[in-house]
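Visitor: Dropping a prediction and its sequence here:
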Amino acid sequence: MLPKNMAPIVFPGSLDTIGDRIRAVRTFCDPSRTSFCKKHNLSSMKLTTWELGQNRPRQDALLSLLEVFRNNGVFCSTKWILEKLPPSPVVFSTKPHAKTCSGYSTTQTLSQEIIFFESLSPSHVVTQVEDDVNAPYINRGDMVGGFKITSQNAKLYYGRLCIFDHPDREGYTVVRILSPGTKGRYTLTATNLKDCATEQPIFYDFSLKFCAPIIWHRAVF
């Protein structure tokens, strides 16, 4: 039996790969990969390759990551990460959490929601919005998600808010309205053009690496 200050974490989905398990625990700790990496001085690019299964973390890197998880209140073993063997991850109360009316941590509730959304399709995209150019519909800090579509189907989503790879910042995303450009390219436009003093509201003649129409939005207060 676990101590009173510990509780098992139930993750949706099968979590069959090392990357799936790393992403599940990281999302439980912080739904935003960018925020998580900035907070703990980690390489977002490296963590992304681990979560996507493109690379496998070395032993020393994995131990450092597990230490970061522990600092976020989650105990996770190398056996579980590498082979999905017991003991399974547990959360322990080393610091107070904001609570919802149901008694769950708001961060944990959001994390579970994201993990479930990601389990629906391998083509998922979940990201944290980093600007206010679409306020008041979508605000800085909100979480949004969608499923990637092919460029051949992009015209079906003209006029829709979508998630795109950032044209100028590798590894970052933007949320804009999709519309046709010239020569088979696209234009990405913000919904709030008058309050875009510090952010670029429109990207012209953009070549799509990926496009994910937004089907899930969670405001973060």
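Guide: Done, it's in.
Visitor: all contacts plus neighbour counts: C-alpha atoms, from now on.
Guide: Fine.
Visitor: list the contacts for Ile18?
Guide: Counting by CA atoms under 8 Å, 6 or more residues apart in numbering, Ile18 touches 50-51, 53, 56, 81-83.
Visitor: How is this protein divided into domains?
Guide: Following automatic domain parsing, one finds the domains of the chain at 6-119, 124-218.
Visitor: Quickly, which of the ones you listed bottoms out on average pLDDT?
Guide: Between the domains of the chain, the one with the least mean pLDDT is domain 6-119; it has a mean of 82.
Visitor: chain center to it, what's the gap?
Guide: 12 Å (CA atoms, centre = their mean, to the nearest Å).
Visitor: repeat for stretch 142-151
Guide: 11 Å.
Visitor: the strands in the chain, which residues?
Guide: 6-8, 74-75, 90-92, 124-128, 143-147, 161-165, 173-180, 186-189, 202-206, 211-218 (DSSP state E).
Visitor: hang on, Pro89 packs against Phe11?
Guide: No: between Pro89 and Phe11 there is no contact under CA atoms under 8 Å: 9.6 Å.
Visitor: returning to that earlier point: dump the strands of the chain into a markdown table; add distance to Asp30 as well.
Guide: Below are those laid out as a markdown table (distance: least, CA to CA, whole Å):
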| stretch | distance to Asp30 |
| --- | --- |
| strand 6-8 | 17 |
| strand 74-75 | 11 |
| strand 90-92 | 13 |
| strand 124-128 | 11 |
| strand 143-147 | 11 |
| strand 161-165 | 20 |
| strand 173-180 | 17 |
| strand 186-189 | 28 |
| strand 202-206 | 30 |
| strand 211-218 | 14 |
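Visitor: which one of those strands lies closest to Val68?
Guide: Val68 lies closest to strand 74-75 among these, at 8.8 Å (CA to CA).
Visitor: who does the closest one pair up with?
Guide: strand 90-92 (antiparallel) (DSSP bridges).
Visitor: residue ranges for the helices of the chain, please.
Guide: 18-29, 33-40, 44-51, 59-71, 78-83, 106-119 (DSSP state H).
Visitor: what angle do the longest one and strand 211-218 make?
Guide: Angle between the axes of helix 106-119 and strand 211-218 is 150 degrees (criterion: axes from the mean of the first three to the mean of the last three CA atoms, to 10 degrees).
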